[in-house]
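Chemist: dropping the sequence and predicted coords here.
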Amino acid sequence: GVGDGYQHIVVTINGRKMNNVDMVPQLLSSISPASIKKIEIIKSSGIIVGGDGANAGVINITTKKDTSKEVSFYMGNNGLVDSSFYLGHSDETFSINVSGEAQKSDGIRTIDPEGNKDNNSFETGAFNLAYTPIEALELRLGASSTRTDVIYGGSLTMEEFESDPTQQGTAGGYPSSSTRQKYDSKVLSGGLTYDISDALSLKVDLSNEKKKSKFFGLYGSTTLYDYNSLSTSLDYEADGFALKAGIDGFYGNLIRASSLDLTKKNQAAFLMSEFYLGDVTLKAGYRYEVIDFEKKDAESESDTLHGVELGMNYLINKNSSTFFNYSHSYESASLDRLFSYFTPFGFMGYVEPSQANNFNLGYSHIVSNNKFKIAAYYID
């Protein structure tokens, strides 16, 4: 999507969904670049494990758990300063790491007649600990905190932008006004992985995230978020076959001033299988999800949704392969678009989840110095 594409993609950090229950993008600045190990992009698929919101795909971000050390620092125009770090230690029993980033900018836009700028700053830090008391068991604990303070410049006319995009602007015939936002997030997480056998393992992760977003000015507002997540899965892998079965739970509460108190609950069960048949790999999965929406002292709604994935990859030779993928995905509406709260603004009543059928057909050719891929894509 050109404007709201972030709403159609599930973004996870170490398995925890970063998506919000309202029309606010994922807080990617809460991840220090120095801590990132891998970014996995799953196009037009991922509904089985990713769940509600994966109409266009999933982005999975995994952070490091190794012994590396990294510090970076840079400066730029307009008073821009940024630094990030990662410090890790790992042995047979303990894995511990800390990471963080801090950035500030004096701004590039004039926001008022006094010449003040749209300055901004943010700081983020994370701590993760893993303990392996026996070879088959890993216990995990993590915490992170992010603080942002941003001033957004007002709108410009096209003529003003082309002549000087750093000016305050007079869109609408009068000086445009800026908006200041403070946005804080705190996350606590815990989990375990237990290897029941060489082929079967159990994974459990839970987390709590509390966020506060405050806008200043004439139309200022404060929004409080409280998210609780639970993710469990049984993973089985043997020669020629892999299976993942799990249960997910999510409880999200949004409070804005005294007029809006909304709750969203997701409960899901899923099954994903893969079959390795020589040069052919087959994938099949199903997800059952119930989503409940509640407004305090008012309406409540519920939807039952079904996700499906089917896929095939055929290895022509060691460099070439063809693939096909189908998925039926779904995405519930943002909480601040629901119920009668927005009725005076033209949104009448409950907004049902959107559903999509995705088709992909493609060919890949990979050699040591080049990767070529072509795909036909269709979504209904």
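Modeler: That came through fine.
Chemist: going forward, measure contacts between C-alpha atoms and count neighbours the same way
Modeler: Noted.
Chemist: D239: neighbour count?
Modeler: D239 has 9 neighbouring residues, counting by other Cα atoms under 10 Å.
Chemist: need the pLDDT of it.
Modeler: pLDDT, D239: 90.
Chemist: please renumber so the chain begins at 257
Modeler: Done: numbering now begins at 257, and the last item shifts to D495.
Chemist: list the contacts of it.
Modeler: The contact partners of D495, by Cα atoms under 8 Å, 6 or more residues apart in numbering, come to Y532.
Chemist: try A631
Modeler: With contact set as Cα under 8 Å, 6+ apart, A631 has these partners: N616, L617, G618, Y619.
Chemist: may I ask which helix or strand encompasses the nearest residue to the third one once chain neighbours are set aside?
Modeler: By that I understand G618. In this structure, G618 finds its nearest non-sequential neighbour in A631, 3.9 Å apart by Cα to Cα, 6 or more residues apart in numbering. Assignment of secondary structure by DSSP states H and E places A631 within strand 626-635.
Chemist: what do you get for S377?
Modeler: strand 376-390.
Chemist: parallel or antiparallel, list what pairs with the helix or strand that that strand is followed by.
Modeler: Counting by DSSP H and E, the element after strand 376-390 in chain order, helix or strand, is strand 393-408. Sheet pairing for strand 393-408, assigned by DSSP bridges, gives strand 376-390 (antiparallel), strand 435-451 (antiparallel).
Chemist: neighbours of Y330, just the number please.
Modeler: Neighbours of Y330 under the rule other Cα under 10 Å: 10.
Chemist: how close does the closest residue to E587 other than its chain neighbours get to Y507?
Modeler: Nearest residue to E587, sequence neighbours excluded (Cα to Cα, 6+ apart): G309, at 4.2 Å. Between G309 and Y507 the computed distance is 15 Å (Cα to Cα, to the nearest Å).
Chemist: just the ones of the contacts of A631 in strands?
Modeler: Those of the contacts of A631 mapping onto strands are N616, L617, G618, Y619, per DSSP state E.
Chemist: what sits against the third one?
Modeler: To tie it back to what came earlier, the one meant is G618. By Cα under 8 Å, 6+ apart, the contact set of G618 is T578, F579, F580, K629, I630, A631, A632.
Chemist: assign a three-state SS to the third one, would you?
Modeler: Looking back up the chat, that one is F580. Classification of F580 using DSSP: H, G, I helix; E, B strand; the rest coil returns strand.
Chemist: need the pLDDT of it.
Modeler: Reported pLDDT for F580: 96.
Chemist: neighbours around the residue nearest to E587, how many?
Modeler: Neighbour tally, G309, other Cα under 10 Å: 26.
Chemist: roughly how far does it sit from D278?
Modeler: Distance, G309 to D278, using Cα to Cα: 12 Å.
Chemist: likewise for K325?
Modeler: Note on K325: its distance to D278, by Cα to Cα, is 37 Å.
Chemist: how far away is T519 from K273?
Modeler: Applying Cα to Cα to T519 and K273 gives a distance of 17 Å.
Chemist: try Y439
Modeler: 18 Å.
Chemist: quick one, which of T519 and K273 is more surrounded?
Modeler: More neighbours surround T519 than the other of T519 and K273, with 21 against 17 (other Cα under 10 Å).
Chemist: so for that one, what's the pLDDT?
Modeler: On the pLDDT scale, T519 gets 91.
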